[in-house]
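*Asks:* Let me see the structure of the following:
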Amino acid sequence: MVQMYFHCSNAEGTLVDRYGTAVANLTEARDRAAQIMRSMIETPGAEDWRDWVIHISDDDGEEIFDLPFTAMLGKPH
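*Replies:* A predicted model of the protein is given here:
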């Protein structure tokens, strides 16, 4: 298991994941990222998620990959 961090950002700022999540592999990290994005998109409010990106990084702060929220928008939940 590896500790990964899921930071979300747009042009106006970043939501920092201070605790991270232990994942077994990159597939599990991507699934967790999708879960986080889905949860944020489904939260009632006026936020426009189209400009948001989730950045997945390791314990050393090295970004492993990122996913735009648009990857989730418009897909069935």
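*Asks:* which residues in the chain form strands?
*Replies:* 2-10, 13-15, 21-23, 53-57, 63-68 (DSSP state E).
*Asks:* could you dump these to CSV with distance to Ala34 and mean pLDDT?
*Replies:* Backbone N, C-alpha and C define where each C-beta goes, glycine included. Listed next are the strands of the chain as CSV, based on distance: least, Cβ to Cβ, whole Å; pLDDT from 0 to 100:
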stretch, distance to Ala34, mean pLDDT
strand 2-10, 10, 97
strand 13-15, 16, 96
strand 21-23, 12, 97
strand 53-57, 9, 97
strand 63-68, 8, 96
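*Asks:* and Gln35, what does it touch?
*Replies:* With contact set as Cβ atoms under 8 Å, 6 or more residues apart in numbering, Gln35 has no partners.
*Asks:* so how far is Phe6 from the residue of the chain positioned farthest from its centre?
*Replies:* With Cα atoms, centre = their mean as the measure, the chain has its most outlying C-alpha, relative to the mean C-alpha position, at Ala46: 19.0 Å. From Ala46 across to Phe6, the span is 23 Å (Cβ to Cβ, to the nearest Å).
*Asks:* Could I get the pLDDT score of Asp48?
*Replies:* With respect to pLDDT, Asp48 scores 90.
*Asks:* ok, it - how many residues close by?
*Replies:* Here the number of neighbours of Asp48 (other Cβ atoms under 10 Å) works out to 10.
*Asks:* for Ala24, same thing?
*Replies:* A count of neighbours around Ala24, defined by other Cβ under 10 Å, yields 9.
*Asks:* pretty sure it contacts Arg30?
*Replies:* No. With contact defined as Cβ atoms under 8 Å, Ala24 and Arg30 do not form a contacting pair (11.8 Å).
*Asks:* So which residue is dead centre in this structure?
*Replies:* Ile54 (3.5 Å).
*Asks:* contacting residues around that residue?
*Replies:* Phe6, His7, Cys8, Ala33, Ile36, Met37, Asp66, Leu67, Phe69.
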